[in-house]
Structure formats: structure tokens, C-alpha cells
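*Asks:* Need coordinates for the below:
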Amino acid sequence: MTQLFDQFQVEKNGGMGGHQSARMKNDEWLTPPAIIEKLGTFDLDPCSPIKRPWSTASNHFTVEDDGLSRKWFGRVWMNPPYGAEAARWMERMADHGQGIALIFARTETSMFFDWVWPKASALLFIKGRLHFHYVDGRRADANSGAPSVLISYGEQDVITLSKCGIPGAFVDLRRPS
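*Replies:* Next up is the predicted model:
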């Protein structure tokens, strides 16, 4: 894959989701509660905001806990920080192999080629653009500015994404054994 990047001189950018984007003033955005409700119960959210008006999992790690360095367990929900660190979070999720992540659908990025295309079990490209929420629970006035995708790791979460009822396009990535 590196040869392909080198051959076509593809720029690897460490910006939001690895895409050429302006830096955001706020890196803590809450997932719309309707998304969480449709995906069922999670055991852990390893990158949860300190203040949250609704729960995303039974257990939460915040920036104070350093979720990347902690032991992950069970079914994980992850809406990672959308900055230079996103790839590290996606690598960790791929290695954990059980749960669902929500990121921008930047399918051309090195993060997608490293941790989604070869490792994920299924994708659900969400129809339209999400309106995330501030940590106080208010819905952001503007949409996210980019399309979003739910990424499942593990067999159970393939089924969850395929039946959740969130409008979008489902893509099964399971490979024959």
C-alpha cells in the first residue's frame, strides 16, 4: 500500500480524520442519542466526554483516564476525537475487534486503508450528515460538515448494523475463511 501512496504521491495529512481540514475549535462532540439507542447496549466507551447528558455505555473512560492506555473490554462504542489522534483510536478498535466506531466517511485516507478496509467487519454509511451535540446536550446548529460511517468489528456487530434501522447504505466486509 505504501508503494501505491508513493507512486501517486498521495499526501498523508494528520488533520481531522487524516483529511485536509481546518482544525476544529472543539474536539468533544456527542453522538446523537438516537444513534446510540438503535445500536443497543455497550460495555465501554473508551473516549467519552467528562460531562455527558446521556450514557453511551455501561463504563466510560474520559481524557482524564487516558482510554488509549487502559485495558478495553466487552462490546465497545467509540466516537473518537476527530483530530490527529483518530488513527490511533481506530488502530486500537481494530485490535480490540468487538464493537462499533463512528467516524467521518473519509474512505480515501490512510486511516481508512490501515484500520477500516482490511480490519472491519461491516460499514453503515449514514444517509445525510449528522448533527452532533455539545457536551451540555444541545444539538449543534450546523451539521457535521462531512458524511459519517458506523464501522463494526466482530460478527455480532455486523448483525447489529444490518438490522439497526439507521438510514444508510450497509456494506458487509466479512471475508471468506
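*Asks:* Going by C-alpha atoms from here, please, whenever you check contacts or count neighbours.
*Replies:* OK.
*Asks:* Quick check: buried residues in stretch 119-131?
*Replies:* Buried residues in stretch 119-131, counted by 16 or more other C-alpha atoms under 10 Å: Lys119, Ala120, Ser121, Ala122, Leu123, Leu124, Phe125, Ile126, Leu130, His131.
*Asks:* Could you give the average pLDDT over that stretch?
*Replies:* Here stretch 119-131 scores 94 as its mean pLDDT.
*Asks:* quick one: terminal-to-terminal distance for it?
*Replies:* Chord length of stretch 119-131, first to last residue, is 27 Å (C-alpha to C-alpha, to the nearest Å).
*Asks:* do stretch 72-87 as well
*Replies:* Distance across stretch 72-87, first residue to last, is 17 Å (C-alpha to C-alpha).
*Asks:* Can you pull the poorly scored residue ranges out of this structure?
*Replies:* By pLDDT under 70, the low-scoring segments of the chain are 1-27, 142-145.
*Asks:* And the residue nearest the centre of it?
*Replies:* The residue lying closest to the centre of the chain (C-alpha atoms, centre = their mean) is Leu102, at 2.6 Å.
*Asks:* For Ser177, see how far away Ala101 is.
*Replies:* Applying C-alpha to C-alpha, the value for Ala101 to Ser177 is 24 Å.
*Asks:* Surely Pro32 and Arg129 touch.
*Replies:* No: counting by C-alpha atoms under 8 Å, Pro32 stays clear of Arg129, with 11.6 Å between them.
*Asks:* This protein: strands as residue ranges?
*Replies:* For the chain, strands defined by DSSP state E occupy the ranges 44-45, 59-60, 76-78, 99-104, 122-126, 148-153, 168-172.
*Asks:* and the third one, what other elements does it pack with?
*Replies:* When contacts are defined as 3 or more C-alpha pairs under 8 Å, 6 or more residues apart in numbering; DSSP states H and E, strand 76-78 packs onto strand 44-45, strand 99-104.
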